[in-house]
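>>> Need a 3D model of the sequence below.
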Amino acid sequence: MAVSDTTSATDLDLLCINTVRTLAMDAVQKAESGHPGTPMALAPLGYRLFTKHMRHDPADPNWANRDRFVLSAGHASMLLYACLYLSGYDLTLDDLKQFRQWGSRTPGHPEYGHAPGVETTTGPLGQGIGNAVGMALAESHLATIFNKPGHEIVDHCTYFICSDGDMMEGVSHEVSSFAGHYGFGKLIGFYDDNRITIDGSTDLTFTDDTAKRFEAYGWQVLHLSDVNDLDAIDQVIEEAKSETSRPTFVVMRTHIGFGSPHKQDTAAAHGEPLGKDEVVATKRNLGWPRPDEAFYVPPEALEHWREAKGKGAREHAEWNAKWKAYVAEYSAEAKELERRLVGDLPKGWESKVPNFTKENGSVASRAASNTVLNAIFDIVPELIGGSADLTPSNGTKLKSPNEFSTENKGGRYIHFGIREHGMASIMNGMSVHGGVRPFGGTFLIISDYMRPSVRLSYLMHQPVIYIYTHDSIGLGEDGPTHQPIEQLAALRAIPNITVIRPADATETAEAWKVALTHKDGPTCLVLTRQKLGFIDRTGYAPATGLAKGAYVLAEADGGASKAKAVLMSSGSEVGLIMQAREKLQSLGIPTRVVSMPSQELFARQPQSYRDSVLPKGVKRLSIEAASAESWYKWVGSDGVVMGVDRFGASAPYERIYEELGLTVDKIVAAVRGMI
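A predicted model of the protein is given here:
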């Protein structure tokens with residue numbers, strides 16, 4: 001059991017490996033919370049990756065051509081934090097001592113933006129694998145676009161570590177099947193086959209032949225029988241790197257809680273501290289020089305680990321020389337790549353956004369979105385994405401197909417297949433990699449299938465674009481299984497979200513402008529299947545008001561001071577309140593109409609603007625063909641909220657609206673009763 005049994009390792013190697021193990025034990029014990037066992041088991045792999053095989057520069061964690069490392073088994077976060085600290089990233093021993101504490105840079109699961117070197121937020125199992133696939137996709141795409149003979153300036157690997165839990169989650173199937181199909185040769189995964197979960201042995205519920213599963217996906221599958229054998233680690237990584245047409249999956253037999261006299265290979269080593277006495281006993285078993293001292297880092301171990309800084313600086317300098325030569329020979333391409341990596345949009349792109357007229361504007365918002373996407377696609381070359389097998393339905397079809405494929409990784413339209421959850425996870429990885437702006441389409445109802453990945457988009461503030469069509473009972477005959485009811489309210493409940501549900505073609509064009517310029521998080525474009533009426537902007541307010549979330553589309557007769565009611569809505573129901581306004585005003589009730597395509601954008605406006613749109617003292621009514629939950633804050637306690645509090649039905653959409661009470665007459669009656 002003792003680490004002295006580790007093969008092919010020098011005494012210094014063992015000291016460096018055990019430094020990771022002891023830091024993991026001490027941090028979890030101090031926090032009285034965490035997962036010590038997996039970092040203890042995988043310490044040799046982390047040591048070898050960060051000090052020998054990975055190309056990274058601790059002094060510049062954002063170096064564009066660094067290898068990416070993703071800890072999909074995010075519960076083992078102390079493995080990552082220890083490796084980052086020891087190899088010289090801007091992370092201190094005090095940061096490790098603050099593991100899982102308020103405001104620390106070392107939260108319980110790795111979080112993007114908290115500590116340098118953390119490439120993505122992981123923890124929800126399976127997500128990291130999808131993110132790694134997205135990073136590999138982005139690397140292969142940018143390499144195809146920008147590399148020239150003798151000038152391979154985009155050339156890096158993506159490594160990930162996954163666990164039994166990752167393998168059990170369905171999203172891992174989706175993204176691994178996708179990666180095998182497209183053949184990402186620079187994607188290398190390590191499967192920690194420790195056969196332990198929180199409930200006990202994986203034999204309780206998981207007896208898959210994981211190696212055969214990945215072989216069936218089209219991956220190269222390698223085996224590492226002893227993760228403590230450093231020569232074997234070196235050999236398997238070199239073999240993985242030599243395979244350029246398939247991703248590689250390394251099955252590693254490991255021992256959770258390695259070195260613990262009483263908890264190795266038990267569930268007790270997985271999700272709880274070892275206990276103070278067991279920590280000391282384990283350190284003694286490992287031959288640790290100071291078993292009673294917490295967070296002790298031997299100077300010789302730290303010095304050896306920190307050689308990674310010099311190695312990284314040299315590799316970075318070599319790449320800088322390549323970049324300088326590339327700039328000299330391909331200056332235009334170099335400027336373009338720099339622009340994409342910074343995240344700036346091309347000059348003049350907004351001029352390509354089409355204007356809609358009465359002749360071409362009476363269309364479903366999904367069709368209008370397709371028109372906009374095709375108009376801007378060439379001038380915004382970093383846009384890359386597709387649909388989860390719903391290309392014609394989502395309005396993501398391109399007039400000039402440029403499909404991403406095994407043979408053409410420079411293509412920009414991706415067929416994600418029927419893998420909605422995987423699609424969102426892959427998009428997150430593409431986005432954190434940089435240099436691309438991913439978009440992906442599916443039906444709004446299926447946002448439920450992909451919600452864990454969507455939530456992480458917002459948690460990481462990644463500017464991905466979700467295209468959600470068939471947005472309400474208005475999709476009609478497909479019935480209640482396909483008609484979203486609670487999905488809008490559920491999406492709006494996510495912090496940092498931006499949901500935009502445009503009312504017509506012109507608002508849809510403005511929605512795309514907002515989506516592309518919004519860099520502090522993703523955007524959901526929520527679009528109709530059914531046609532929408534064209535709103536003539538010569539008689540009503542311009543759609544540029546969409547950028548503020550809500551705006552006065554039509555003023556009450558006699559001006560704002562005469563308004564007796566404010567009608568507000570989003571999307572297809574704006575047409576209803578416009579009709580209701582005409583009827584109310586014919587009855588002598590001056591009525592203002594507010595289009596509110598994005599509650600989130602409106603909430604970010606100054607109070608003075610919000611008051612100008614929704615004046616105090618004027619009764620308000622909202623209507624939306626969905627759950628009404630998100631509207632109460634805007635209507636107030638003395639207003640009326642009209643929505644759908646049941647599932648839909650299979651019928652032509654006009655009949656469904658009538659049966660569920662979403663009609664002009666119902667709106668008029670509600671306003672009259674209200675005032």
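>>> list the helices and strands the least confident helix or strand in the chain by mean pLDDT packs on?
Lowest mean confidence among the helices and strands of the chain (mean pLDDT, DSSP states H and E): strand 196-197, at a mean of 90. Helices and strands touching strand 196-197, by 3 or more C-beta pairs under 8 Å, 6 or more residues apart in numbering; DSSP states H and E, are helix 164-168. For the C-beta atoms, the positions are set from N, CA and C on the backbone; glycine is no exception.
>>> Return the distance of the helix it packs on from the chain's centre.
19 Å (C-alpha atoms, centre = their mean, to the nearest Å).
>>> which other residues reach it?
Identification of contacts with helix 164-168 by C-beta atoms under 8 Å, 6 or more residues apart in numbering yields 72-73, 125-126, 128-129, 172, 191-197, 202, 205-206, 208, 210.
>>> quick one: contacts of the helix or strand following that helix?
Later in the chain than helix 164-168, the nearest helix or strand by DSSP states H and E is helix 170-182. For helix 170-182, contacts defined as C-beta under 8 Å, 6+ apart pick out 125-127, 129-130, 133, 136-137, 162, 166, 187, 214, 217-219, 246-247, 249, 404-406, 409, 416-417, 419, 421-423, 425-426, 452-453.
>>> which of these count as buried?
Neighbour-count burial (16 or more other C-beta atoms under 10 Å) applied to the contacts of helix 170-182 gives 125-127, 129-130, 133, 136-137, 162, 166, 187, 214, 217-219, 246-247, 249, 404, 409, 416-417, 419, 421-423, 425-426, 452-453.
>>> The residues you listed in strands, which ones?
If you go by DSSP state E, the buried ones among the contacts of helix 170-182 have 162, 187, 249 in strands.
>>> Quick one: distance of the lengthiest helix in the chain to the chain centre.
Using DSSP state H, we find that the single longest helix of the chain is helix 307-329. Taking C-alpha atoms, centre = their mean, one finds the center of helix 307-329 at 30 Å from the center of the full chain.
>>> Which parts of that helix count as buried, going by neighbours?
In terms of neighbour count (16+ other C-beta under 10 Å), helix 307-329 has its buried residues at 308-309, 311-312, 315-316, 319, 322-323, 326-327.
>>> for stretch 604-620, same thing?
For stretch 604-620, a neighbour-count test (16+ other C-beta under 10 Å) marks 605, 610, 613-614, 618-620 as buried.
>>> And the buried residues of helix 307-329, which is closest to Glu300?
Distance to Glu300, by C-beta to C-beta, is smallest for Ala308 among the buried residues of helix 307-329, at 14.9 Å.
>>> ok, for the closest one, nearest residue in space, not its chain neighbours?
Here the nearest residue to Ala308 in space, its sequence neighbours aside, is Ser87; by C-beta to C-beta, 6 or more residues apart in numbering that works out to 4.0 Å.
>>> And Phe602, by the same measure?
Leaving aside its chain neighbours, Phe602 sits nearest to Gly549 (2.9 Å; criterion: C-beta to C-beta, 6+ apart).
>>> How many residues are close by the one you found?
25 (other C-beta atoms under 10 Å).
>>> Cys83 too?
Number of residues near Cys83 (other C-beta under 10 Å) recorded here: 28.
>>> what do you get for Glu359?
Counted with other C-beta under 10 Å, residues neighbouring Glu359 total 7.
>>> repeat for Gly435
With other C-beta under 10 Å as criterion, Gly435 counts 23.
>>> Double-check that it belongs to a strand.
No. Counting by DSSP: H, G, I helix; E, B strand; the rest coil, Gly435 is not part of a strand but coil.
>>> which ones are touching it?
Gly435 sits next to 64, 138, 142, 337, 340-341, 382 when contact means C-beta under 8 Å, 6+ apart.
>>> can you check Thr266 too?
Each residue near Thr266 by C-beta under 8 Å, 6+ apart is listed here: 196, 256-257.
>>> quick one: low-confidence parts of the chain?
Residues of the chain meeting the criterion pLDDT under 70: 1-7.
>>> Run the angle between the helix or strand harbouring His223 and helix 170-182 for me.
When elements are assigned from DSSP H and E, His223 belongs to strand 220-224. With axes from the mean of the first three to the mean of the last three C-alpha atoms, to 10 degrees defining the directions, strand 220-224 sits at 120 degrees from helix 170-182.
>>> ok, and for strand 220-224, which residues are buried?
220-222, 224.
>>> Would you quantify the distance from Thr197 to Leu204?
Thr197 sits 8 Å away from Leu204, going by C-beta to C-beta, to the nearest Å.
>>> more neighbours, these two?
Between Thr197 and Leu204, counting by other C-beta under 10 Å, Thr197 is the more crowded of the two (19 against 9).
>>> beta partners of the more buried one?
Partner residues in beta bridges with Thr197, using DSSP bridges, are Gly200.
>>> Surely it and His270 touch.
Yes. Assessed by C-beta atoms under 8 Å, Thr197 is found in contact with His270 at 7.0 Å.
>>> Pull the distance from the least confident helix or strand of the chain to the chain's centre.
Strand 196-197 sits 27 Å away from the centroid of its parent chain (C-alpha atoms, centre = their mean).
>>> Contacts made by it with the rest, please.
For strand 196-197, using C-beta under 8 Å, 6+ apart, the contacting residues are 37, 164-165, 202, 204, 206, 256, 265-267, 269-270.
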